[in-house]
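Engineer: here is a sequence together with a model predicted from it:
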There are 2 protein chains.
Amino acid sequence: MKSEVTTVPARRGKAVRVPEGGRIKLINTQGSQVVDTWAFNADHLGEFMSTEHSRSCLEKLIPGIGDSLYTNRRRPILTIVEDTSPGVHDLLLSACDTERYRLLGHVGYHDNCADNLRTALAELGLEPPEIPSPWNVFERVAITHGGRLEIQPPPVKAGDYLLLRAEMAVVVVFSACPMDLVLTNGPDRAPKAVQYEVLPP
Amino acid sequence: MKSEVTTVPARRGKAVRVPEGGRIKLINTQGSQVVDTWAFNADHLGEFMSTEHSRSCLEKLIPGIGDSLYTNRRRPILTIVEDTSPGVHDLLLSACDTERYRLLGHVGYHDNCADNLRTALAELGLEPPEIPSPWNVFERVAITHGGRLEIQPPPVKAGDYLLLRAEMAVVVVFSACPMDLVLTNGPDRAPKAVQYEVLPP
């Protein structure tokens, strides 16, 4: 496998196959950009990375270096090998979708992570069995008084990266979150491109 | 509609239809019992109560009295009308399933909430499109140092109840959680029956 850096354009998604034991490096090229991330068992898309099973298996809100994310069958699917960011990656919030933007007052179509997942998989000839709860890599969601959830700017600088190892043959989907109405992608509310690189086993 | 109290036997699940505007009272008959709860749009099971969309819409970890739970289309599906328990209802952990018990060291089949969901819906001639992340009513999951999650005994006494209003025609599924290996259902680790009552609009 030739390793090369691929760009996920701002507001868009990309799906990529990673073999078992392969690694994928997700680079926050310009900093302060959230990347909604999904992973599916390449042989059976009905098995996928699950936020609730990851929390249950890890007994943690947020996985750290050395931790795996788990599938809806409680099998490790991705493991965090390196992380140069502060390691704040939300597992609580849903992917943005057309309804999210409508509720925020946006009129007309808005790019969104749920559609990016569908489109990215379609480019590989695949269809998601559902829209799993995403792993919102680089997203900071603070738990404040009384269990309130507050989206805060990502504490992530340009060039920070997350290196993941595939624990089975997977299809990984990254969506450079197109949110431009709240602080998800920083105080400038400017969605930016990110990059990834697949490294062989 | 005649109102009557139905028992969900210990370790089992039950599905029930509730019309729009109807209410359903879930009674913790003997106390200290967790009830994994799901709700599906009765006209389209692909729309269902979603923990991640509920957290996103409410901007809260745990809904309180007056709050609605939301579907994967960000529409209110159930609203908490009354709650005599301390109001601790986990939205973070996955439903127990055969794999959960295997990982805990159990050998052979063990009743579990995921299968209870399937069986309960099958009794109405229905099939779940997936196993949604459950609303673990009466379950206490503490967030401790460094974001660790700790299952603690439910702070719920016999007779405590939760009264919910259906915001659309729904199929509600309750599973009296069969967990008997960890503290989910209290220090005696004894799964117990619960009851529910459907009240007309």
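Structural biologist: That came in fine, so what should we check first? Computed from a prediction, not measured in an experiment: that's the story for all the values here.
Engineer: and A:Lys192, how close does it get to A:Val5?
Structural biologist: 15 Å (C-beta to C-beta, to the nearest Å). All C-beta spots, glycine's among them, are computed from the backbone N, C-alpha and C.
Engineer: oh sorry, the question was meant for A:Arg73
Structural biologist: A:Arg73 sits 32 Å away from A:Val5, going by C-beta to C-beta.
Engineer: same check on A:Pro201?
Structural biologist: Going from A:Pro201 to A:Val5 by C-beta to C-beta gives 19 Å.
Engineer: A:Arg73 and A:Val5: who's more crowded?
Structural biologist: More crowded of A:Arg73 and A:Val5, by other C-beta atoms under 10 Å in any protein chain shown: A:Arg73, with 16 against 11.
Engineer: any chance you could map the helices in chain A?
Structural biologist: Here chain A has its helices, by DSSP state H, at A:51-58, A:98-103, A:113-122.
Engineer: close to chain B: what parts of chain A are there?
Structural biologist: Contacts of chain A with chain B, taken as C-beta under 8 Å from any C-beta of the partner chain, map to A:50-53, A:55-57, A:59-62, A:72-74, A:92-94, A:97, A:99-100, A:103, A:129-131, A:133, A:143, A:146-150.
Engineer: which among the residues you listed end up buried?
Structural biologist: Buried subset of the residues of chain A next to chain B (neighbour count, 16 or more other C-beta atoms under 10 Å in any protein chain shown): A:50-53, A:55-57, A:60-62, A:72-74, A:92-94, A:97, A:99-100, A:131, A:133, A:149.
Engineer: which ones are touching the spatially most central residue of chain A?
Structural biologist: Residue closest to the mean C-alpha point of chain A, counted by C-alpha atoms, centre = their mean, is A:Thr37 at 2.0 Å. With contacts defined as C-beta atoms under 8 Å, 6 or more residues apart in numbering or on different chains, the neighbours of A:Thr37 are A:Leu26, A:Met49, A:Pro134, A:Trp135, A:Asn136, A:Val137, A:Val172, A:Val173, A:Phe174, A:Ser175.
Engineer: surely A:Arg189 is in contact with A:Pro153?
Structural biologist: No: judged on C-beta atoms under 8 Å, A:Arg189 makes no contact with A:Pro153 at a distance of 9.6 Å.
Engineer: common neighbours of the two, please.
Structural biologist: Joint contacts of A:Arg189 and A:Pro153 (C-beta under 8 Å, 6+ apart) are A:Leu183.
Engineer: neighbour count winner among the two?
Structural biologist: Neighbour totals were compared for A:Arg189 and A:Pro153, and A:Pro153 leads with 16 against 13 (other C-beta under 10 Å).
Engineer: quick check: the more buried one touching A:Val141?
Structural biologist: No: in this structure, A:Pro153 is not within contact of A:Val141 by C-beta under 8 Å, at 11.3 Å.
Engineer: rewinding a little: distance of the residue nearest to the centre of chain A from A:Val198?
Structural biologist: Counting by C-beta to C-beta, the gap from A:Thr37 to A:Val198 is 14 Å.
Engineer: give the contact list for the spatially closest residue to A:Leu121 that is not a sequence neighbour.
Structural biologist: Once flanking residues are discounted, A:Leu121 sits nearest to A:Ala15: 5.1 Å by C-beta to C-beta, 6 or more residues apart in numbering or on different chains. For A:Ala15, the contacting residues are A:Ala120, A:Leu121, A:Glu123, A:Leu124, A:Leu126, A:Val171, A:Val172, A:Val173, by C-beta under 8 Å, 6+ apart.
Engineer: bridging residues for A:Ala15?
Structural biologist: Counting by DSSP bridges, A:Ala15 forms beta bridges with A:Val173.
Engineer: for A:Arg23, same thing?
Structural biologist: Under DSSP bridges, the beta-bridge partners of A:Arg23 are A:Arg165, A:Leu199.
Engineer: thought A:Thr98 was touching A:Tyr109, still the case?
Structural biologist: Yes: A:Tyr109 lies in contact with A:Thr98 (C-beta under 8 Å); the separation is 7.0 Å.
Engineer: which of these two has more neighbours?
Structural biologist: A:Thr98 (17 against 9).
Engineer: list the contacts for the more buried one?
Structural biologist: Residues near A:Thr98 by C-beta under 8 Å, 6+ apart: A:Tyr109, A:His110, A:Asn112, A:Ala114, A:Asp115.
Engineer: could you do A:Pro201 as well?
Structural biologist: Here A:Pro201 is in contact with A:Pro19, A:Glu20, A:Gly21, A:Gly22, A:Arg23 (C-beta under 8 Å, 6+ apart).
Engineer: most widely separated two among the residues you listed?
Structural biologist: A:Glu20 and A:Arg23 (11.0 Å; C-beta to C-beta).
Engineer: what is in contact with these two at once?
Structural biologist: Common neighbours of A:Glu20 and A:Arg23 (C-beta under 8 Å, 6+ apart) are A:Ala166, A:Pro201.
Engineer: comparing the two, which residue is more hemmed in?
Structural biologist: A:Arg23 (20 against 12).
Engineer: residue ranges for the strands of chain A, please.
Structural biologist: Remark: strands assigned in chain A by DSSP state E are A:5-8, A:13-18, A:23-27, A:35-41, A:68-70, A:76-83, A:135-137, A:140-143, A:149-152, A:161-166, A:170-176, A:194-199.
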